[in-house]
Structures are given as structure tokens and as C-alpha cells.
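1. the following comprises the amino acid sequence and a computationally predicted model.
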Amino acid sequence: MMQFVARGRGTVRLHRGLASSAAARSFDWNAHQSTIPRLPLPQLNETLERYIEAVTPLASPAELAQTRTAVAEFASNAGPRLQTILEERDSAGVDQRNLGTATSYVRPFWNAMYLSGRYPVNINSNPALLMKDLPQKGSLGQPGVAAVLTAAITRWYVAMKSNRVEPDFMDKAKKVPGCMEEYAFLFAETRIPRPASDELVVADESKHIAILRGADVYALDVIDTAGAVASPTAIASRFASLIAATPTPAGSGVSRVGTLTSQERNWWATQRDELLLSSVNRQTIGVIDRALFVVALDHGDHSADPSTTLAWGVTGNGEHRWWDKNFTLQVDAAGTACINFEHAPYDGATVVRMLEDMWHEACGLPLPSGRPDPHPAVAVTNMAGECTRLAFELTAQSEAAVQHATAKSTQFASITKFKLLDFRNFGKSAMKRWRMSPDGCIQVAYQLAYHRLHGDHTVSVYESCSTKRFLRGRTEAIRSNTTATSAFVGCVDELLQQGPAGLQAARQLLDAAVTRHRGVAAAASQATGIDRHLFSLVSLANEVGFGADAPIFADAMWTKLNTSVLSTSNVNSDALVVLGFGAVCPHGYGLGYTVEDDSIRVSVANYTGDPDTGGSGFGGVAVAKPTDGTQTNCEAMANEISRALLDLERIATATPAAKL
């Protein structure tokens, strides 16, 4: 079994004495936020030009001609009217859905997109961050690992509340600040199911965590009345006692109520209302909703191989989950850990920041990027509360609903497949020596792998890009399938058979593809991509009652672009093995990846059946169904990605960089 373990001093301290709050600096997040520029609203004509460029490699000549006609019609009719309304709202800085002032133009629509999605949030939306093992995982065991991480997370939370956490910087050397708004939702938050659109609720002054152990749910106070956090030793004692007292998953015999959160949102809203008719259930659900976060102390050992661990991180592998909570720290029987988070209130960068800080502190390592460690500023107590089992009263209807949800969620998990590619031939250091962008190379490799496996290089590719350098920016999409990439992918196999001349021609095409990707990525990071602007325009059109039926939104290329057959996201951290998530369309792949100096790890996900997506794709856009019977296979895709990377190395090292 391949293990990913922290490198460093190799010491995990279960006891860290009392700490003085005077030991760390204080930071003014409000002042930090005031320096962040608002998200720029692109000009309509520029976005439409970039849209045509983005769909060109996806379209036949006839389809592209039709798209050009549809774009011209939009530019002459509904487009300018919608753009004017969007500009007026943006200049006023007022969110039209009462979500606060000084917002970004996309934020109200983006929040509504997440919260009005009726699909189950597990797999469809919730990602997982698989952590590297703590250095002394073996000696700590499940209760010790869970306790060390729980204490570190909780101390980070208290430090954040007391202004001891340094704010984010997109580029610290250049003092480019990152937006901190999402951190308000990171703790003590839950997504409440409502008919038509859900609600995000954050509790004030929470001091407890919720624990999932078998079928039961427990509460444990981890902050005392003076604001001190329970020590890892104290928490480990409580966890160990609970684990010893519950050797089988059946627990007290209650049904796994959390499984209800795995279903279609309107259905779950109805079931939740049924549960809340009982005062006992109202009390219990209220405790769960207000919990700082959830800790899942799983009975199973899911560390047999990295692909199994990935599936456990994303799907739960049949363990009990409460998918609506802000995040769940999952620790299996072997002490393997990951974080699964609900995606609506924040993106991966926010969770990763917290995870990095707490993981380094738990390992006794300095924080990355020279950030000051906020943990010593938080007082620690050697006392912890008691694990209290939370009671449920279930009617026959609710019992039947839990059984129904269990059957459906089990089936959904069974068709969701994962393969972890642990590629160790080279990493970012080598790609930089080739004078190429590592991310650009990897994106080209993905498309080459898909083309070789499925015979198509006209599919839509989505790469997430953070726009936290802007106020409430969240993300933009990098559309990685460019005409330059398509040109390379379409002919590289033939060129590889043509000796040195073929390698030279392939190098020129590869240089062009990687260079173009770098330009598209740079535009997205500066919020001048196309997806968020067009998404806001179509959302606004549906709201105001005109423009939604414009030919551009009925065009085949609109649907194809929004059917992201390759959905990709790069998260780099020395605390992580990889980011895992499900594919976003039935015939697609989810590709989460981490790039280190000498290695590349890719989580490859696919479906072997029709997933439960609620009938639409990400953002509510209709998903184009495959007409050629495409059957995806994560293991075959991982193998092809590895082969593609090796071919890129062959091309790059056989020839000098072209002059572009």
C-alpha cells in the first residue's frame, strides 16, 4: 500500500500546555478587505468574442457558423439591455437578493445557483481533501489522529474569532490581498433544505462538535466557558472511550438519520419538516446544525489502497454522513483522515488555508509561506466535555424515508468510481526546465488522454480558477480546450511516428498549446473569462423575463460548452494527497490534481451508470447526452494520462523550446 506521510520533525504532540493569547499578532480583516478591488464586469462585446473563441475547437464549421449568427443576434438585441441592467446593479453595489452590499455582480446568481440546485449535494457537489498521514499515525491510532486534528482545527477557529489569523494573500511578495468573506461560513454553518432554494445558517458562539459513530450522532464540547480549547489528550480520551463503547456500526440501533441529507433537496426538505414535528428531533437537529463541524469516527478501514480511500472521502463508502454540514473531518479505523465539505458557501481555497495551518501545527511544522502560526495564541484546557448521544424519535414514515435514502445513496456511491494516479516520473521542476507551464502541460495531457481513449478532442474542458483577489470573486473557469491544444492533440500521435522532424513539429505545437493555456488562465484569474459573465446574463434574463429565449442560449454550442466532460481542479499543498470529486456529467471525468516538484497525483472519477444529478448540469444548464455510447473508465483514463505525460516528456526533452 502506498502511503503519503508528512515530512519534517516527525513529532505529533498530544499535549501542548496552556498558551498565552499575547503570543501572536492581531490582524484587522476589515482593513484588509477594504484594500480589495471589486470584481470587474467585462464588456459584453469582449465576452462574446472570447465565447466564440472558446467554442471554436468544440464545433464543426456548420455549427460554428450557426453560433456566430446566434451571438450576433444576442449582441444586437437582448444582450445590451441585459448588460445595462447588470452594470446598473454592479455600480450600485447592491445585491438584489438581500445578501449584503458591496457585492460582486455574479454573487447573487452564484449563490442562487448552488442553493436552488435540487440535486443531492453528496458526490454532485461536495469535494474531499485527502490529507497526508500524520508522522505518528500508527502510534496515535484513530482516536489520537482525530483528536490532534480536532484540537488544531478548533484552536484555529478560536484564533480566527480573536483576530489572530493572518489574512490571505494571492501573492504575498507583491502584497496582493485575497478576499476573506467566505471564512464567515467556515464554522458552525449548515445548509438547511427548503422547497425550491436552500438556506445557509451560521450559529453564533458555538462551542461543540458533532460526532458520527456508526448509526448514532454525539455532541462534545471542545471549548470551555472561558474560551480555552480542549487539549488533544483530553479529546483523545473522549474519542477512545466512545470507540471502545461502540464496537459495531449498529450502535444504539437507531436508523442513520444523516442519510436523509443525501437525497434530492425538495424531498429532504419534506422529510426534515416531518422530523421537526418532534421536540426531541428539534433539539437534536438544532445541536447538529450549530456544531462547529462534524467528526466522523468510522468503523471501517478505508486505507487498503489510495483509490479506495478516495472513494471513501467523496462517497463515504457506506459510512454515516451528515452532508449538509460545513465540513466533516473523516477519520477511518486506521487513522487515515480527510475533509469533505459542502460547497455552497465557499470554494476549496478557503478550506485548504485552514487545513494547511492546522495540519502543519498538528505535525509540529512551520506554516507555509512564512505565515505566523495562530495556534499558540489560544489557551488550552486539559478538560473536555462528555460525549453525549443525541436522541431521535422516528415515525414509521421517517423510518421508511431513511431506508429509501440508504438504498438510493448506496446505489449512487456504487456507480461512482475512483482511481488515484500517482505519477512519479517527473513533476513541476522538470516541466519548468522545459520552459513550460506545469498546469498547461497537465491540461494538454488530459485532453490527449481523453482523445486516445474516446477518439474525441472536441469536448468541453473546465478548470477552476480562484478570483479571490477580487471582493467576493469566488471562481472563474479556464476553458482549457483551445484551438492550439486541439491542433496538438489531433496530430501528435502521427508526428510521434515521424522521427526527429516529427518531434520538432510536435514541440512547436505543444509550445503553442501550453502558451495559449497560460494566456487563457491569466485572463480567468483577472476575472476576464467568459463563464461567470455569461452565466450572470442568462440568470438575469430568467429573472427579468426577457432574453432567456435568445438563440445563443438555445444553440448547441452553449449546451456543449456547459457540458464539462473533463471537469478539473488543481489544489497544491504539502498537507494534501489530492482533491477528489465526482464527474459533473454522466459521460465525463472529474480530475482533481496536485503537482509537487517530482510527482503528479490525479484523482480520476467517473460513473458506470446514470448518476442522480437532478436532470441538469452544474449551474442548471442542460447536459448534452452522448450520442456515441461513450463509456467512461477511470482506470483506463488514469493509464492514458500517465502515457500522455510520458509522451510530453519525450517531446520536450528531445527538442529545444520553439521561439513563439
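-> Happy to help now that I have it.

2. next, count neighbours for residue 58.
-> Each residue near residue 58 was counted by other CB atoms under 10 Å, and the total is 22. In this view, the C-beta of every residue, glycine as well, is placed from N, C-alpha and C.

3. what sits against it?
-> 458, 459, 460, 481, 557, 560, 561 (CB atoms under 8 Å, 6 or more residues apart in numbering).

4. got a winner among those residues for most neighbours?
-> residue 481 (31 neighbours).

5. returning to what we had before: of the contacts of residue 58, which belong to strands?
-> Judged by DSSP state E, strands contain the following of the contacts of residue 58: residue 460.

6. between the contacts of residue 58, which sits nearest residue 77?
-> The shortest approach to residue 77 among the contacts of residue 58 belongs to residue 557, at 18.5 Å (CB to CB).

7. ok, that closest one touching residue 63?
-> Yes. The pair residue 557 / residue 63 is scored as a contact, 6.1 Å apart, by CB atoms under 8 Å.

8. hang on, the earlier thing: take the contacts of residue 58 and write them to a markdown table, including pLDDT and distance to residue 237.
-> Shown next, in a markdown table, are the contacts of residue 58 (pLDDT from 0 to 100; distance: CB to CB, whole Å):
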| residue | pLDDT | distance to residue 237 |
| --- | --- | --- |
| 458 | 96 | 58 |
| 459 | 96 | 53 |
| 460 | 98 | 52 |
| 481 | 98 | 54 |
| 557 | 98 | 60 |
| 560 | 97 | 56 |
| 561 | 97 | 54 |
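
9. make CSV from the contacts of residue 58 and add distance to residue 226 to it.
-> As requested, the contacts of residue 58 are exported to CSV (distance: CB to CB, whole Å):
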residue, distance to residue 226
458, 62
459, 57
460, 54
481, 56
557, 61
560, 58
561, 55
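
10. between the contacts of residue 58, which is nearest residue 574?
-> Each of the contacts of residue 58 was checked against residue 574 using CB to CB; the closest is residue 481, at 30.4 Å.

11. from residue 567, how far off is that closest one?
-> For residue 481, the distance to residue 567 (CB to CB, to the nearest Å) stands at 12 Å.

12. where do the helices sit along the stretch 1-150 of the chain?
-> Taking DSSP state H, counting those that start in this stretch, the helices of the stretch 1-150 of the chain run over residues 29-34, 44-55, 61-76, 78-92, 107-116, 137-161.

13. hmm, I typed the wrong one, I wanted the stretch 451-600 of the chain.
-> Counting by DSSP H, counting those that start in this stretch, the helices of the stretch 451-600 of the chain are 483-495, 499-525, 531-544, 551-554, 556-561.

14. out of those helices, which gets nearest to residue 413?
-> With CB to CB as the criterion, residue 413 lies closest to helix 556-561 of the helices of the stretch 451-600 of the chain, at 28.1 Å.

15. using CSV, write out the CA atom coordinates for the closest one.
-> C-alpha atoms of helix 556-561 as CSV (Å, rounded to 0.1, in the frame of the first residue of the first chain):
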residue,chain,number,x,y,z
ALA,A,556,-25.9,23.5,-29.5
MET,A,557,-22.6,25.0,-28.6
TRP,A,558,-24.0,26.7,-25.5
THR,A,559,-25.1,23.3,-24.2
LYS,A,560,-21.8,21.7,-25.3
LEU,A,561,-19.6,24.2,-23.6
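
16. give me the helices and strands touching it, please.
-> helix 44-55, helix 61-76 (3 or more CB pairs under 8 Å, 6 or more residues apart in numbering; DSSP states H and E).

17. now, of the ones you listed, which is deepest in the fold?
-> Ranked by mean neighbour count under mean count of other CB atoms under 10 Å, the helices and strands packed on helix 556-561 are led by helix 44-55, which reaches a mean of 18.

18. next, the angle from that helix to helix 483-495.
-> Counting by axes from the mean of the first three to the mean of the last three CA atoms, to 10 degrees, helix 44-55 lies at 10 degrees to helix 483-495.

19. state the mean pLDDT of helix 44-55.
-> Averaged over helix 44-55, pLDDT sits at 98.

20. ditto for stretch 392-412
-> Stretch 392-412 shows a mean pLDDT of 96.

21. which residues are contacting it?
-> The contact list for stretch 392-412, computed with CB under 8 Å, 6+ apart, reads 120, 122-123, 254-257, 259-260, 262-263, 271, 274-275, 278, 280-281, 284, 315, 318, 611-612.

22. quick check: the gap between residue 35 and residue 167.
-> Taking CB to CB, one finds residue 35 at 10 Å from residue 167.

23. and for residue 117?
-> 30 Å.

24. on that earlier part again, show only the entries of the contacts of stretch 392-412 found in strands.
-> Short answer: those have none in strands (DSSP E).

25. show me where pLDDT drops low in the stretch 501-650 of the chain?
-> In the prediction, the stretch 501-650 of the chain carries residues with pLDDT under 70 at positions 612-629.

26. please apply the same query to the chain.
-> Within the chain, the ranges that satisfy pLDDT under 70 run 1-24, 94-102, 612-629, 657-660.

27. ok so, going back, among the helices of the stretch 451-600 of the chain, which comes closest to residue 346?
-> Using CB to CB, the helices of the stretch 451-600 of the chain put helix 531-544 closest to residue 346, at 16.3 Å.

28. can I get that closest one in PDB? Just the C-alpha atoms.
-> Output in PDB follows, covering the C-alpha atoms of helix 531-544 (Å, rounded to 0.1, in the frame of the first residue of the first chain):
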ATOM      1  CA  ASP A 531     -18.300  31.700 -17.900                       C
ATOM      2  CA  ARG A 532     -19.300  33.900 -14.900                       C
ATOM      3  CA  HIS A 533     -20.300  36.900 -17.200                       C
ATOM      4  CA  LEU A 534     -22.500  34.800 -19.500                       C
ATOM      5  CA  PHE A 535     -23.900  32.800 -16.500                       C
ATOM      6  CA  SER A 536     -24.900  36.100 -14.900                       C
ATOM      7  CA  LEU A 537     -26.600  37.300 -18.100                       C
ATOM      8  CA  VAL A 538     -28.600  34.200 -18.600                       C
ATOM      9  CA  SER A 539     -29.600  34.100 -14.900                       C
ATOM     10  CA  LEU A 540     -30.600  37.800 -15.100                       C
ATOM     11  CA  ALA A 541     -32.600  37.100 -18.300                       C
ATOM     12  CA  ASN A 542     -34.600  34.400 -16.400                       C
ATOM     13  CA  GLU A 543     -35.200  36.800 -13.600                       C
ATOM     14  CA  VAL A 544     -36.300  39.900 -15.600                       C
END
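
29. what is that helix packed up against?
-> With contacts taken as 3+ CB pairs under 8 Å, 6+ apart, helix 531-544 sits against helix 44-55, helix 78-92, helix 107-116, strand 475-479.

30. could the ones you listed go into CSV alongside distance to residue 301?
-> Listed next are the helices and strands packed on helix 531-544 as CSV, based on distance: least, CB to CB, whole Å:
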stretch, distance to residue 301
helix 44-55, 45
helix 78-92, 52
helix 107-116, 34
strand 475-479, 35
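
31. tell me which of those lies nearest to residue 217.
-> Nearest of the helices and strands packed on helix 531-544 (CB to CB): helix 107-116, 24.4 Å.

32. which helices and strands does the closest one pack with?
-> helix 531-544.

33. run a quick neighbour tally on the spatially closest residue to residue 537 that is not a sequence neighbour.
-> Distance criterion CB to CB, 6 or more residues apart in numbering; nearest residue to residue 537, sequence neighbours excluded, is residue 82 at 5.0 Å. A total of 24 residues lie near residue 82 under the criterion other CB under 10 Å.
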